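Participant: sequence and predicted structure below; questions after.
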Amino acid sequence: MSDRIMSRPPIPDTVWRSPTGEVVSCIEKLKVLRENLEEIQRICQDALEDAVLMGCDERQFKQILGRLVQQIENPYREKSE
């Protein structure tokens, strides 16, 4: 394992809540959430490193990532008619 991977900040422990405020406590659900976030973190880190190595501005790249996150849509949200 490289120093870069070992020095990556851990995903913070989070109390996940349902839309109604109930705590999500299922161990398997929490495991999937953590694994998904770790995978996203790895992909974003790799993409940032690629962008910087290709001469792109780090701040601009992070801004673009932020915009991508804002554009994510919930396909399960009930549509108001």
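Facilitator: Alright, I've got the coordinates.

Participant: pLDDT below threshold where in the chain?
Facilitator: Within the chain, the ranges that satisfy pLDDT under 70 run 1-8, 80-81.

Participant: what helix or strand does E38 sit in?
Facilitator: Under DSSP states H and E, the secondary-structure element containing E38 is helix 27-53.

Participant: L68 and P19, how far apart?
Facilitator: Taking Cβ to Cβ, to the nearest Å as the measure, L68 and P19 are separated by 23 Å. From N, CA and C alone the C-beta is placed, and that goes for glycine too.

Participant: can you check I40 too?
Facilitator: 21 Å.

Participant: over to Q71?
Facilitator: For Q71, the distance to P19 under the criterion Cβ to Cβ works out to 20 Å.

Participant: returning to that earlier point: ok, I40 and P19, which is more surrounded?
Facilitator: Between I40 and P19, counted using other Cβ atoms under 10 Å, the more crowded position is I40 (13 against 6).

Participant: show the contacting residues for that one.
Facilitator: I40 sits next to no residue when contact means Cβ atoms under 8 Å, 6 or more residues apart in numbering.

Participant: then K62?
Facilitator: Applying Cβ under 8 Å, 6+ apart as the definition, the contact partners of K62 turn out to be L48.

Participant: that one belongs to a strand?
Facilitator: No: K62: not assigned to a strand; according to DSSP: H, G, I helix; E, B strand; the rest coil it is helix.
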